[in-house]
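Q: generate coordinates for the sequence data below:
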Amino acid sequence: SHVTLGVLTPSSEILERQEVRREREYSAAEAYLVTSALRGAVERGTGRGLRRFGFRRVVAAKSGTTNDFRDAWFIGYTPTLVVGVWVGFDDGRSIGLPGSRAALPIFARFLRGAVEPYERVEFERRGEPEVFLRGTAPQETCSPYRFSARRDLAQLLRNLRRSNRRGN
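A: Next up, the predicted model:
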């Protein structure tokens with residue numbers, strides 16, 4: 001399949017547009033796990049500001065910041081669109097803000113205009129509510145009332161060793 005890549009100015013003028021042939025790089029299960037984690041970053045992590053800026057649709061995203069706050073970014077995707085916002089100075093001066101404060105507001109404003117009025121789809125769901133890669137699923141359930149960090153850590157280490165022996 002093909003995707004369209006583009007670079008837009010703040011006034012939505014197209015500076016660059018290119019059709020690119022894409023190939024599958026990851027399995028559907030791996031992609032689902034990453035999407036699930038990045039959706040969590042939006043709901044509970046540094047991306048939760050998206051909701052404060054009024055973006056309500058489904059999105060998977062993550063902020064980033066370099067040392068000394070020289071570069072800040074917010075990168076994410078919906079089921080139909082991938083967007084990256086970078087904020088910084090060409091000469092490397094510090095902007096003094098993390099990606100969640102410098103780039104996220106720009107990302108949110110763009111998505112509200114580009115996606116909010118049109119997109120009404122969800123990410124494709126694969127498998128059960130909790131998905132594990134082969135060999136990494138817990139062997140027993142853990143009751144929230146009988147939590148044992150030592151027992152659970154030992155079980156996790158056994159599962160990792162078992163998974164490594166299988167070559168996963």
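Q: what's in contact with stretch 66-75?
A: 47, 61-65, 83-89, 92-104, 106-107 (CB atoms under 8 Å, 6 or more residues apart in numbering). Where C-beta positions appear, they are placed from N, C-alpha and C, glycine not excepted.
Q: end to end, how far does that stretch reach?
A: Start to finish, the residues bounding stretch 66-75 are 14 Å apart (CA to CA, to the nearest Å).
Q: quick one: buried residues of it?
A: Of the residues in stretch 66-75, F69, D71, A72, W73, F74, I75 count as buried by neighbour count, 16 or more other CB atoms under 10 Å.
Q: quick check: phi and psi at the third one.
A: Looking back up the chat, that one is A72. With angles defined as degrees, to the nearest 10, A72 sits at phi -140, psi 140.
Q: try the fifth one
A: When quoted as degrees, to the nearest 10, the phi and psi of F74 stand at phi -140, psi 120.
Q: nearest residue to it in space, please, no chain neighbours.
A: Sequence neighbours aside, A103 is the residue nearest to F74 in space, at 3.8 Å (criterion: CB to CB, 6 or more residues apart in numbering).
Q: pull out the buried positions in stretch 30-38.
A: Y32, L33, T35, S36, L38.
Q: let me know the closest of those residues to R52.
A: Taking CB to CB as the measure, R52 lies nearest L38 of the buried residues of stretch 30-38, at 17.9 Å.
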